[in-house]
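Asks: make a model of this:
(chains A and B)
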Amino acid sequence: MKKASTKNAVNSRSSLRPDLRNGSRSHLKNSIPAFASAPATSQKSKTVSKSLKLNGKAVAVATPVLKTSSKFKFRLAPELLIKTHGYMIKTRMLEERMIKMFKQSDGYFWLGGPGEEAFQIPLGMHGKVGQGVDYDFWHLHYRSSGILMPMGLDPMDCIRQMKNTATDPFSGGRNFCNHTSIRKWNVVPITSTIETQYLTAIGSGIAQKRNGGDSITIVNGGDAGTAEGDFASCLIWANRPGMELPMLIIVANNAWGISTAASTQHGEKNIADRGKAFGMKTRTINGLDVEESTFAIREAMDYVRTERKPFLLEARVTRLYGHSSATGANWIQGEEDPIATFEAKLEAAGIMSRKEMSDVREGFNAEMLDMAKRVKNDPMPDPSTIYDNTYFGQKGRYW
Amino acid sequence: MATMVQALRMALHYGEKNLGLAEVFGEDVGPPLGGVFTGTQGVECSWNSPLDERGIIGAAMGLAFAGRRCVAEIQFCDYIFNTIDLLKLAGNQCWASNGDWNMPMTVMTPVGSGIRGSIYHSHSFDAMMTHIPGWKIVMPSTPLDAYGLMLSCLKDPNPTMFLIPKALTRMRGEEQIPGEPALTPEGEKELRAMIDAPLGDRSQWKPRWPKLTEYVVPIGQGKIVREGEQVTVVSYGRTLPLCAQAADQLRAEGISAEVIDMRTLWPYDWEMISQSIRKTGRVVFVNEDTEVTNFGEHLVRRTVDELFYELEARPKLVAGAFTPGVGLADVLEVASVPQLSTIADAIREVAHEKA
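Replies: Predicted structure coming up:
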């Protein structure tokens, strides 16, 4: 195990997408203050509810209580931190724009992953992106835009799916927002079933085990879905003696299943502990922390890539806008916002100023607003196409 | 004179050697058993999975996503019901992604009555399966068709469901599979010696495969097994040979029945069926699934919709009783699913109905 860890330190750098190895400030432009400034920080902090301004609205967020006397130090390079921040903001602005679209009747339904950015962005940054068995396979759930963003996701495509236009490249207007499908990156179609991805992941895991190499299967889901038997199936199949699968099995634990608190349904202390019965590698982390997430993802991914065995990683995250538009899609008071936490640290560490961070937010906010305006010109699906692609390259019905 | 399971084995072997078939798996599918019906015996890429139907279907889907061709077996269709949402997903991935992804995978499962299998080894699955769009569904009634349909499934870029009529798994074919020994008692014995695993210790056993060649039954193509003029009989699977037998019996009564083996349930050969109905003006659809929301009801509805003014009698469906299961006792099973006499009576009734 130790040997693998040593190897990991090298591999983790090399596995980072080349364009992300060096940060750039080129996207830091425009300036609209959105956040109240935070004082310098220490690494360990309590949180309190604080009123911040978010997209023009005063909102309450749980913000770290920071020691103004200490300067925070990151272990990651500033360039990478800036890049990560940019993707986090870009993802958040996309999700908040889609929420607005729902509320303005420019889409029927919203659900997504605000609150998971600090974990998702590093995860997407470390993928081996491409098509076919030599690249990573992604079996994701519907809170995953932050994973796809650093892989190159075009937010306009998400906006199109939100608006269910014919130009929606993921489903042609057939599916909910954040039900992504990108074959050229091995992102299999995201479904509304909250657990079946833990089963389909088995298959690509088998294919990659047979294939050798260093590509892996990544599957993520929420804590509520782990109550389904499919999660147990995933652990069983991933750990068959002599046929262990190269799978990074992720649970993004936001502690809720729609309106039901996990604490009322789950007796296990950590979901990741369920993996211990198999003797597999497991870990539970604070998925609200960029650095902790980054290092844990590197450790887990490098283990799976090199050892060709599964790793169960549980990331504790938050659910900042509730389950979906079905529960209002309103800001949830008292949940920790990983972006607010990260920004406070960035400022305290002197890596980004409040103005620079506000500029990033403003820039992406304007970009998403422009997309939401432009998508109104996109055509809606033609009703005559309802049978298209029932079969590969064929219509359905009676032939 | 291969049996249907021997034909299946030969098709899977041909597939792994020539069509890129890389994984054949399910409960007890690999050595030493090779499937509870022995349909995978000797297949090199076969292996045993956990006892987990949802895992089996999910794994097949993931293999399909990864482009690794597989055949997944569910030991009895009675145990596939807890995978319905996965079958729905497999059938809609191409549609839901608007053609971005396809799902080249095959699931095979034994269906129906005929082995006194009681409540959980006798159910049919054709009605349920034909409710799930996006799949191609086949069900042979002869070993040669089993061979040819399996090869078609292995070539198809879509999810394919291969329903095995378990009552016919030991039935010997009257048509030679390309490469199998001669259709003689000696040939039959030779084939058994080549590809049937011995009883007892099988650890050293390896099959000697005949030099098989390609034979394909195109998906969507039915077969007229008896030509006739007065009434059309449409069936598949276990009830197909019974329909043919009934047609032979009724010929002595002066009733000329045309019997069609659908072979593919979806997409089905409507051209063949409708042409025959236009010729005879009378039709009986026969299968053994429970009669309410039966696949045959769809065929009756389409017949009425499209051919109403060409009918000379009411179209009829002969199907299984709408019971929660098939009872174990011989008389209970016989009373639950169509038998030769029920089929013959139905054909006679429709043939004699006044226009």
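Asks: closest residue of chain B to chain A?
Replies: Per CB to the nearest CB, B:G62 is where chain B lies closest to chain A, at 1.9 Å. For the C-beta atoms, the positions are set from N, CA and C on the backbone; glycine is no exception.
Asks: which residues does that residue contact?
Replies: B:G62 makes contact with A:137, A:139, A:188, A:199-207, A:217, according to CB atoms under 8 Å, 6 or more residues apart in numbering or on different chains.
Asks: who are the contact partners of the closest residue to it other than its chain neighbours?
Replies: Once flanking residues are discounted, B:G62 sits nearest to A:G203: 1.9 Å by CB to CB, 6 or more residues apart in numbering or on different chains. By CB under 8 Å, 6+ apart, the residues touching A:G203 are B:G58, B:A59, B:A60, B:M61, B:G62, B:L63, B:A64, B:F65, B:A66, B:R68, B:C70.
Asks: Three-state assignment for the residue of the stretch 101-250 of chain A found nearest chain B, please.
Replies: When distances are taken as CB to the nearest CB, the stretch 101-250 of chain A reaches nearest to chain B at A:G203, 1.9 Å away. Using DSSP: H, G, I helix; E, B strand; the rest coil, the secondary structure recorded for A:G203 is helix.
Asks: again with the one 5 residues further on
Replies: When classified by three-state DSSP, A:Q208 comes out as helix.
Asks: can you pull the pLDDT of B:L149?
Replies: Here, the pLDDT recorded for B:L149 equals 98.
Asks: again but with B:Y120, I slipped
Replies: 93.
Asks: ok, now A:S204?
Replies: Value for A:S204, per-residue pLDDT: 98.
Asks: does it touch A:H139 like I think?
Replies: Yes - shown here, A:S204 and A:H139 form a contact pair, counting by CB atoms under 8 Å, at 7.2 Å.
Asks: what residues are shared contacts of the two?
Replies: With CB under 8 Å, 6+ apart, A:S204 and A:H139 have common neighbours A:V188, A:T217, B:G62.
Asks: tell me the SS of the last one?
Replies: Read that as B:G62. helix.
Asks: ok, now how distant is it from A:N164?
Replies: Applying CB to CB, to the nearest Å, the value for B:G62 to A:N164 is 28 Å.
Asks: same thing with the first one?
Replies: A:V188 is 20 Å from A:N164, where distance means CB to CB.
Asks: out of the two, which sits in the busier spot?
Replies: A:V188 (30 against 21; other CB atoms under 10 Å in any protein chain shown).
Asks: pLDDT value on the more buried one, please?
Replies: In this model, A:V188 carries a pLDDT of 98.
Asks: ok, now which ones touch it?
Replies: Contacts of A:V188 (CB under 8 Å, 6+ apart): A:F137, A:W138, A:H139, A:L140, A:S181, A:Q197, A:T200, A:S204, B:G62, B:F65, B:Q93, B:W101.
Asks: and the first one, how many neighbours?
Replies: This means A:F137. By other CB under 10 Å, the residues close to A:F137 number 29.
Asks: what do you get for the third one?
Replies: The criterion is other CB under 10 Å. On that basis, A:H139 has 34 neighbouring residues.
Asks: hang on, isn't it packed against A:T200?
Replies: Yes - using CB under 8 Å, A:H139 makes contact with A:T200 at a distance of 5.4 Å.
Asks: quick one: name the residues of the stretch 151-300 of chain B near chain A.
Replies: Applying CB under 8 Å from any CB of the partner chain, we find that the stretch 151-300 of chain B lies next to chain A at B:P157, B:N158, B:G220, B:P267, B:W270.
Asks: what about the residue nearest to A:H141 when sequence neighbours are not counted, which SS state?
Replies: Setting aside the residues directly before and after it, A:H141 is nearest to A:G221 in space (CB to CB, 6+ apart), at 4.9 Å. Classification of A:G221 using three-state DSSP returns strand.
Asks: where does the prediction get shaky in chain A?
Replies: For chain A, the stretches with pLDDT under 70 are A:1-70, A:398-399.
Asks: longest single helix anywhere in it?
Replies: helix A:78-103 (DSSP state H).
Asks: which stretches in chain A count as strands?
Replies: A:46-54, A:57-65, A:137-139, A:217-222, A:247-253, A:256-257, A:260-261, A:281-286, A:311-316 (DSSP state E).
Asks: hmm, I was thinking of the stretch 51-200 of chain B
Replies: B:70-73, B:105-111, B:136-138, B:160-165 (DSSP state E, counting those that start in this stretch).
Asks: burial count for residue 97?
Replies: The chain I'm using is chain A. 24.
Asks: right idea, wrong chain: chain B
Replies: The burial count for B:S97: 27, using other CB under 10 Å.
Asks: domain parsing for chain B?
Replies: Residue ranges of the domains in chain B are recorded as B:4-195, B:223-352, according to automatic domain parsing.
Asks: which of the ones you listed sits closest to A:L123?
Replies: Checking these against A:L123 by CB to CB gives domain B:4-195 as the closest, at 19.4 Å.
Asks: for that closest one, how far is the first residue from the last?
Replies: 13 Å (CA to CA, to the nearest Å).
Asks: how about the residues of the stretch 101-250 of chain A near chain B?
Replies: Residues of the stretch 101-250 of chain A lying near chain B (CB under 8 Å from any CB): A:132-133, A:137, A:139, A:168-172, A:174-175, A:179, A:181-183, A:186, A:188-189, A:191, A:193, A:196, A:198-208, A:210, A:217, A:229-230, A:233, A:236-237, A:240.
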